[in-house]
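> sharing a model prediction with you, sequence too.
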Amino acid sequence: MPQKPLHVLIIGAGLGGACLAHGLKSAGVGVTVYERVAARHEGAFGCRVTIDPDGDRALRNALPPDLYNTFTATCAEPPRHLTVYSEVLEELFTTAPPVVGRRGAALRYTSHMTLRQLLLTGIEDVVRFGKEFVRYERRPDGRIAAFFSDGTTAVGDVLVGADGADSRVRRQLLPQAGLQDCGFTTAYGKVDLLEAARLLPWEMLRGISVVRGASGPVLVTQPMDFLWDSSGELKGHVHGLDAALLSTWAGRRHDDTRDHLTWWLFGPSGLFPAAPERLRGADLVEAVGGMTRHWDPALHTLLGLSEPDAAAATRAVVSRPAEPREATGVTLLGDAGHVRLPDPGEGANAALAAAWSLSGLLAEAAAGRPVAAAIRDHETRLPASGFDFSAYWKRLYRQARADTPVIGPVPAAGPGLRAVRGDSG
Ligand SMILES: Cc1cc2nc3c(=O)[nH]c(=O)nc-3n(C[C@H](O)[C@H](O)[C@H](O)COP(=O)(O)OP(=O)(O)OC[C@H]3O[C@@H](n4cnc5c(N)ncnc54)[C@H](O)[C@@H]3O)c2cc1C
């Protein structure tokens, strides 16, 4: 009897889930992605994401060549320097922008929403929006049934939970492995770049800036300057391949990212108002304004101009280690498997790299290898949970406030900038 072809169910069309879908689709493996948000452009994905060489390699491998080249064309202009300021905007020191590895590989800077739209291009036929996963069930025949809040069910041979930091798949698969609060909080948001240019010194519009508040919090800002203007049209100097790729990329219609200054403010949770993660929009912007009211008026005013819809706050958390268990047809990918929030510049890259690797393993399973063996290989390649993130946050915070440029400013560039000079790799 010929076997039925393998079918993979992915929960979550985020960075990991969508990248996995590309890998599976190009390998000819059956896949359907179930995404909670109702439409492609929905969801709060306003933050900046740094793509390191691992993430870049995964994108290059998983995406069709034109789409990968479109990705590079959608990245922001890289920062020219990293400068540390006091809260009254006195320049303390300037150093080179972060790079990774001994050979100093460049990083790419993208908006989370732009990268999401990029990854959703070319897999439109396999993504179902408005499908909120609720739970799964293993069937006697070994297949997995996924249940959704609209009362529908889907059945497949493998279920991949790529449903992010608050993963329901994880809660069912690893009920004991919750999240640990590390005692730090980060608020983040963005301001239109033209508005920022009216307030800030010119150098702050060209590089990463770290502002050390005397009373505790640290602010990091970075300009995100793209090849399209505020109405979404290509800027006058964009020609050649970039212009051709960007003007034919259908995903641009769904992305409202424009030039902006991205910022994040972090410090021990005690410096923030109670339960900052529950504050949204204008309330959060006001709370951040309160924390910086004694700072230079330009900075205080800047934060007050933040786009309310893009402002959010998160406690620093890390997933607790999970007990070893036998591999089955249900597994996790990206933040669902191992979260560190806000991320030290690894989460998206780890999710993309694991997605590409898992697509290869599942292609082997589609060719006849036992599914459990493929999933076991995937799970042994994942980073161990329980990384001492509390210590990481304390070190980051101490370094951000240190007076010497020796190691201080580079990790101080904060969540999303893990890069350290002299790192191996
Ligand atoms: C402020 C900030 C800055 C960051 N900067 C960086 C950085 O510079 N570099 C870096 O590598 N990483 C960074 N990260 C981390 C990075 O964004 C995440 O690690 C990455 O997005 C994880 O990808 P994922 O696919 O696992 O999850 P996500 O991209 O979060 O995708 C999860 C998807 O699942 C969907 N979903 C959730 N629940 C359900 C459900 N029940 N049913 C169906 N669908 C569901 C969600 O809508 C979403 O589309 C940053 C994070 C933050 C908050």
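Done, it's in. Predicted model, so just to flag it, every value in this text is computed and none were measured.
> where does the closest residue to Gln172 other than its chain neighbours sit: helix, strand or coil?
Spatially, and ignoring its direct neighbours in sequence, Gln172 is nearest to Arg135 (5.9 Å; CB to CB, 6 or more residues apart in numbering). Where C-beta positions appear, they are placed from N, C-alpha and C, glycine not excepted. Following DSSP: H, G, I helix; E, B strand; the rest coil, the label given to Arg135 is strand.
> tell me the pLDDT at Arg135?
Per-residue pLDDT puts Arg135 at 98.
> begin at 27 from here
Got it, first residue is 27 now, which makes that one Arg161.
> thinking it is in contact with Ala171, fair?
No: if you go by CB atoms under 8 Å, Arg161 and Ala171 don't touch, sitting 9.2 Å apart.
> avg pLDDT for the strand ranked longest in the chain?
Ranked by number of residues, the top strand in the chain under DSSP state E is strand 205-218. Mean pLDDT, strand 205-218: 88.
> helices of the stretch 177-326 of the chain, residue ranges please.
Under the criterion DSSP state H, counting those that start in this stretch, helices of the stretch 177-326 of the chain are mapped to 194-199, 219-225, 266-274, 307-317, 323-330.
> those helices: which one's closest to the ligand?
helix 194-199 (4.7 Å; CB to the nearest ligand atom).
> who does the closest one touch, helix- and strand-wise?
When contacts are defined as 3 or more CB pairs under 8 Å, 6 or more residues apart in numbering; DSSP states H and E, helix 194-199 packs onto strand 159-164, strand 184-187, strand 356-358.
> how about CSV for those, with mean neighbour count added?
Shown next, in CSV, are the helices and strands packed on helix 194-199 (neighbours: other CB atoms under 10 Å):
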stretch, mean neighbour count
strand 159-164, 16
strand 184-187, 29
strand 356-358, 23
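> for the ligand, find the nearest of those.
Taking these one by one with CB to the nearest ligand atom, strand 159-164 is closest: 3.5 Å.
> after the closest one, which helix or strand is next?
strand 170-174 (DSSP states H and E).
> which secondary structure elements does that next one contact?
Strand 170-174 packs on strand 33-37, strand 159-164, strand 179-182, strand 184-187, going by 3+ CB pairs under 8 Å, 6+ apart.
> buried residues, that strand. List them.
Ile170, Ala172, Phe174 (16 or more other CB atoms under 10 Å).
> run a quick neighbour tally on Ala276.
11 (other CB atoms under 10 Å).
> number of nearby residues for the closest residue to it other than its chain neighbours?
Sequence neighbours aside, Thr147 is the residue nearest to Ala276 in space, at 6.4 Å (criterion: CB to CB, 6+ apart). Using other CB under 10 Å, Thr147 is surrounded by 21 other residues.
> ok, Leu144 next?
With other CB under 10 Å as criterion, Leu144 counts 24.
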